[in-house]
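[1] How does the following fold in three dimensions:
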Amino acid sequence: MITGVRGSGKTVMLTDISKHFRKDKDWIVIELNPDRDLLHSFAAKLYDQKNLKDLFIKAKLDLSVLRIGVSIEKSNPFLIFRGKLY
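    Residues are numbered from 1 along each chain as shown. Next comes the predicted model:
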């Protein structure tokens with residue numbers, strides 16, 4: 001937790017930290033708005049990361065008498081929350 005009086009540099013420090021980690025390809029920096037639902041915002045922003053999109057897939061198994069079919073579809077489980085995100 002970062003605390004301090006107004007004007008002491010809290011936002012500047014957090015901005016510098018996020019810039020530092022954005023340069024490293026092994027880090028994902030996500031900015032969240034505390035006025036929104038943090039869990040859904042976090043999940044939706046994770047989904048928007050191109051290197052994580054493949055983790056959000058939906059597998060579907062279709063069975064019939066003589067045939068077995070498998071299909072894999074991309075799925076955005078948080079699409080319904082998109083209208084609420086900024």
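[2] the helices in this protein, which residues?
    Applying DSSP state H to the chain gives helices spanning 10-22, 38-47.
[3] Redo the ones you listed as CSV? Include mean pLDDT, mean neighbour count and distance to residue 28.
    From N, CA and C alone the C-beta is placed, and that goes for glycine too. Formatted as CSV, these follow (pLDDT from 0 to 100; neighbours: other C-beta atoms under 10 Å; distance: least, C-beta to C-beta, whole Å):
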stretch, mean pLDDT, mean neighbour count, distance to residue 28
helix 10-22, 93, 11, 8
helix 38-47, 83, 16, 7
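[4] Adding distance to residue 3, write those out as a markdown table.
    Putting the helices of the chain into a markdown table (distance: least, C-beta to C-beta, whole Å) gives the following:
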| stretch | distance to residue 3 |
| --- | --- |
| helix 10-22 | 8 |
| helix 38-47 | 19 |
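[5] So which of these is nearest residue 1?
    Comparison of the helices of the chain against residue 1 by C-beta to C-beta identifies helix 10-22 as nearest, at 10.4 Å.
[6] Pull the residues that contact that closest one.
    Under the criterion C-beta atoms under 8 Å, 6 or more residues apart in numbering, residues 2-4, 27, 29, 31 lie in contact with helix 10-22.
[7] Among the residues you listed, which one lies nearest to residue 42?
    residue 31 (10.3 Å).
[8] Neighbours of that closest one, how many?
    By the criterion of other C-beta atoms under 10 Å, residue 31 has 8 neighbours.
[9] and what of residue 8?
    11.
[10] any idea how far it lies from residue 31?
    21 Å (C-beta to C-beta, to the nearest Å).
[11] next one: residue 16
    Relative to residue 31, residue 16 is positioned 14 Å away (C-beta to C-beta).
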